[in-house]
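In: Build me a structure from this.
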Amino acid sequence: MKVFLNGNNIPRRTFLKMSAGALASSALAACVPAAAPAEPAAEEMADDAASDCGGEVVVATEWENPLFNPLCKSAGTPARHVFEPIFNRLFEAMDWGPGPDCDGEVGLTLSLAEKVEEVEKNRVWMVDLRQDVNWHDGRPFTADDVVWTYYAMLHRDVAPTYANQFLMIKGGKQLFSEGGDSLEGVQKIDQYKVRIEFDEPDPLGIVGSPVSFGRYWYVTPKHGWEGVPLEKVGTHEPMAMSPIGTGPFKMGQIVERQYAELVANEDYFLGKPLADKYITRFLGPEARDAALESGEVVQTGASSLDAWDRLGRLPHLTAYTRPTTLMFALDVNDTRWGDMAHTLAEAIRYAIDIETILQDTSYGTNTPSRYIFEHILGPVGEPPDGLKTYGYNTEMAREVLENAGWDFDTELEWSYWRPPDTLDLSIQAQLLDAGIKTKFRIIDVASWTEDIATAANYDLYFDAWMFSTDMQEMSTHIGCGWGFTSAGRNYDFYCNEELDAEWQAALAEEDPEAQIEMYRNLALTLQEKWPWAPMYRRGMTTMVNNRLQGVWPHNDYQRNVRVPFERMCVTPA
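Out: Have a look, this model is predicted:
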């Protein structure tokens, strides 16, 4: 069975002040509870599922980065498969479940926080913490852990790649760029109370921003890194491979390149999990397909879209796809090609018939997209007048290159971390038709950080840009100085100071209507200045065994939800 899930358009921080009145009346009024909602007791959770639902939840992913630590600088998706059930956040979004889709409006669930009191509108909050939570080693969770986590997350010597999303915390920018001994915006008041302060008021306050924290900001135990230099926090043992959390599952055992086994935390503050174990197996693409087909694994991604289509036709599996912010694009290395980089990008936009390629290769899971802000909910997500659509036109692509004096004998090096698939080969063939010769250069995925993200060793690079719905964070994909080592995504070190100034002016604009117009104009500037050829938005696909209850197909950007690991379970075969 195939299911295409579409999120509701709900207010999020990203489009900021796009409609101040509407946001005030809907999101702000509805989303922040005065106190923590009553958590379900273990017996109530059991009532939600079949009485015989339990067992072992076995998922699968590839083996990538063997550091299962939220404070690791490059904790990728495989690592998060392991550590997400181990940790909790201070704030969560709304609960997912019990089925594969969720209902309801955007909201905030307090997790390790018990109560939030607004001290200064949209800028300062007092947060009371739960007093019934222990770390997996038995030590109590306190305000010291919260202060430590926020400090470490933003410190330049620790900062994971997503830390740049949280620079609105007072003192965060300085800590991120210069380091320091403390974070002014997160202060301990007493053992179970912290004060959180932003530099400037945020229109959606603690709903819009710390809900975004909630997707990444796992609270970690201060005592786990006692005496460890900050620069070694991400790789320090035993926390890197056997982390201590407060979550529904505890680290059991790890066999490198085979599996990570988590066991139920019987003292979990929301009640003992329904499943006895949560196991992540590390499998190659074809092995994941075979494990899905045999029923050994109850949730994972298929090896390819062809496999996704085939496996989705089996009676015991359901194939899901969900919208994401992932924009696939060909990046032309500005460092290597200078002014010619934008000319190449414009020619590429004309050269590719992406609609036909996607129709032939993606089974409807991916959608053509030429507009960088298309994922932004609300008016900013609507393409502005004057935005070029770049319809498929091989002759126009050649004309653009000829007018710029392009040498058609030049062969561009297209770097990739995996072998090219049918979609890549189709793009390569259409580029050749337009006079753009390319050759694939395949690198080891283990060398990606050094080769691509740090050294920008490519002419062309085709990959997914995981755009945020936060316009401040999104600027780090393009802005001057936001390379990988600065926790940005500007891999080729592109720098246009006029573009940066225009973006910052839009961020600072306080009038909602004026800001919308500024973002629209910014989109036009980006199309004219940035050497980047956007092609399509990826739908996130996953395969789920129908025996899995409390399923979580994917947390899409339109509805931020909490994954209820404690309610996941498997019914008997």
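
In: Please enumerate the helices of the stretch 301-450 of the chain.
Out: Secondary structure of the stretch 301-450 of the chain (DSSP state H, counting those that start in this stretch): helices at 305-311, 334-337, 340-351, 354-361, 394-403, 422-433, 448.

In: which of those helices sits most buried?
Out: Ranked by mean neighbour count, the helices of the stretch 301-450 of the chain are led by helix 340-351 with a mean of 23 (mean count of other CB atoms under 10 Å). Just so you know, the C-beta spots here come from the backbone N, C-alpha and C atoms, and that holds for glycine as well.

In: what separates Arg567 from Tyr268, distance-wise?
Out: Distance, Arg567 to Tyr268, by CB to CB, to the nearest Å: 11 Å.

In: Looking at those two, which is more packed in?
Out: Just comparing Arg567 and Tyr268: by other CB atoms under 10 Å the higher neighbour count belongs to Arg567, 26 against 21.

In: what's the burial count for Lys437?
Out: For Lys437, the neighbour count with other CB under 10 Å is 12.

In: Would you check that it makes contact with Leu412?
Out: Yes: with contact defined as CB atoms under 8 Å, Lys437 and Leu412 form a contacting pair (6.7 Å).

In: which stretches of the stretch 351-500 of the chain have low pLDDT?
Out: For the stretch 351-500 of the chain, the stretches with pLDDT under 70 are 377, 466, 469, 487.

In: Show me where the stretch 201-350 of the chain has its strands.
Out: Using DSSP state E, counting those that start in this stretch, the strands found in the stretch 201-350 of the chain span residues 249-255, 259-264, 277-282, 299-300, 317-332.

In: May I have the strands that pair with the first one, each with its orientation?
Out: Applying DSSP bridges, strand 249-255 is found paired with strand 259-264 (antiparallel).

In: so the strand it pairs with versus strand 277-282, what angle?
Out: Interaxial angle, strand 259-264 versus strand 277-282 (axes from the mean of the first three to the mean of the last three CA atoms, to 10 degrees): 170 degrees.

In: close enough to count as contact, Leu460 and Lys439?
Out: No: if you go by CB under 8 Å, Leu460 and Lys439 don't touch, sitting 10.0 Å apart.

In: if I look at the two, which residues touch both of them?
Out: Common neighbours of Leu460 and Lys439, using CB atoms under 8 Å, 6 or more residues apart in numbering, are Leu412, Glu413, Trp414.

In: quick one: which of these sit in strands?
Out: Leu412, Glu413, Trp414 (DSSP state E).

In: Just the buried residues from those, in PyMOL please.
Out: To isolate in PyMOL the members of these that are buried, counting by 16 or more other CB atoms under 10 Å, one can use:
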select buried, resi 412+414
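
In: Can you tell me which of the ones in strands among the shared contacts of Leu460 and Lys439 is closest to Glu346?
Out: For Glu346, the nearest member of these is Leu412. The distance, counting by CB to CB, is 14.8 Å.

In: check contacts around the closest one.
Out: Neighbouring residues of Leu412 by CB under 8 Å, 6+ apart: Leu344, Ile436, Lys437, Thr438, Lys439, Asp459, Leu460.

In: just Thr235 next, same as before
Out: Neighbouring residues of Thr235 by CB under 8 Å, 6+ apart: Leu67, Asn69, Cys72.

In: swap in Trp530?
Out: His342, Ala345, Ile478, Tyr494, Asn496, Leu499.

In: What strand or helix carries the residue nearest to Gly180 when sequence neighbours are not counted?
Out: Beyond its immediate neighbours in the sequence, the residue positioned closest to Gly180 (CB to CB, 6 or more residues apart in numbering) is Gln174, lying 6.4 Å away. Remark: Gln174 resides in helix 172-178, with elements defined by DSSP states H and E.

In: helices and strands around that helix, which ones?
Out: Helices and strands touching helix 172-178, by 3 or more CB pairs under 8 Å, 6 or more residues apart in numbering; DSSP states H and E, are helix 143-154.

In: Could you list every helix and strand in contact with the helix it packs on?
Out: strand 124-129, helix 172-178, strand 186-190, strand 193-197.

In: can you do 7 Å?
Out: With contacts defined as 3 or more CB pairs under 7 Å, 6 or more residues apart in numbering; DSSP states H and E, helix 143-154 has these neighbours: helix 172-178, strand 186-190, strand 193-197.

In: Quick check: the residue nearest to Ile427 when sequence neighbours are not counted vs Thr318, distance?
Out: Leaving aside its chain neighbours, Ile427 sits nearest to Ile352 (5.8 Å; criterion: CB to CB, 6+ apart). For Ile352, the distance to Thr318 equals 32 Å [CB to CB].

In: so how far is Gly386 from His342?
Out: 17 Å.

In: I meant to write Ala501 there.
Out: When Ala501 is compared with Gly386 (using CB to CB), they lie 21 Å apart.

In: For Trp465, name its beta-bridge partners.
Out: Beta-bridge pairing for Trp465 (DSSP bridges): Met327.

In: ok so, going back, assess the claim that the residue nearest to Gly180 and Leu183 are in contact.
Out: No: between Gln174 and Leu183 there is no contact under CB atoms under 7 Å: 9.3 Å.

In: Those two: who's more crowded?
Out: Neighbours were counted for Gln174 and for Leu183 using other CB under 10 Å; Leu183 has more, 24 against 15.

In: So the more buried one, which state does it fall into?
Out: coil (DSSP: H, G, I helix; E, B strand; the rest coil).

In: Is it in contact with Lys170, as I believe?
Out: No: the pair Leu183 / Lys170 is not scored as a contact, 8.0 Å apart, by CB under 7 Å.

In: longest single helix anywhere in the protein?
Out: helix 512-529 (DSSP state H).

In: how far out from the middle of the chain is it?
Out: Distance of helix 512-529 from the chain centroid (CA atoms, centre = their mean, to the nearest Å) equals 24 Å.

In: Direction included, what does the next helix or strand after it pair up with?
Out: Helices and strands here follow DSSP H and E; after helix 512-529, the next one along the chain is strand 532-545. Its sheet considered, strand 532-545 pairs with strand 299-300 (antiparallel), strand 317-332 (antiparallel), strand 367-368 (antiparallel) by DSSP bridges.

In: Pull the CA coordinates from strand 532-545 and hand them back as CSV.
Out: Taking Å, rounded to 0.1, in the frame of the first residue of the first chain, the C-alpha atoms of strand 532-545 are listed here in CSV:
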residue,chain,number,x,y,z
TRP,A,532,22.9,27.4,-8.1
ALA,A,533,20.4,25.5,-10.3
PRO,A,534,17.4,24.3,-8.2
MET,A,535,15.5,21.3,-9.7
TYR,A,536,13.1,19.5,-7.3
ARG,A,537,11.8,19.0,-3.8
ARG,A,538,12.3,15.6,-2.4
GLY,A,539,9.5,13.7,-0.7
MET,A,540,10.8,11.6,2.2
THR,A,541,10.0,8.0,1.7
THR,A,542,9.9,5.2,4.3
MET,A,543,8.7,1.6,4.5
VAL,A,544,6.6,0.4,7.5
ASN,A,545,5.6,-3.1,8.5
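
In: Would you mark the buried spots in it?
Out: Of all the residues in strand 532-545, those buried under the rule 16+ other CB under 10 Å are 532-545.

In: So for the next helix-or-strand element following it, mean pLDDT?
Out: As assigned by DSSP H and E, the chain's next helix or strand after strand 532-545 is strand 548-549. Per-region confidence: strand 548-549 scores 89 on mean pLDDT.

In: Quick check: which ranges of the stretch 201-350 of the chain have low pLDDT?
Out: The stretch 201-350 of the chain contains residues with pLDDT under 70 at 202-216.

In: Please name the residues that touch Ser182.
Out: Applying CB atoms under 7 Å, 6 or more residues apart in numbering, we find Ser182 in contact with Tyr151.

In: try Met340
Out: Ala404.

In: repeat that for 8 Å
Out: Met340 makes contact with Ala404, Trp406, according to CB under 8 Å, 6+ apart.

In: Tyr536 now?
Out: So Tyr536 contacts Met327, Phe328, Ile354, Leu358, Asn366, Thr367, Pro368, Ser369 (CB under 8 Å, 6+ apart).

In: same deal with Gly483?
Out: Taking CB under 8 Å, 6+ apart, one finds Ala453, Thr454, Asn490, Tyr491, Phe493 in contact with Gly483.
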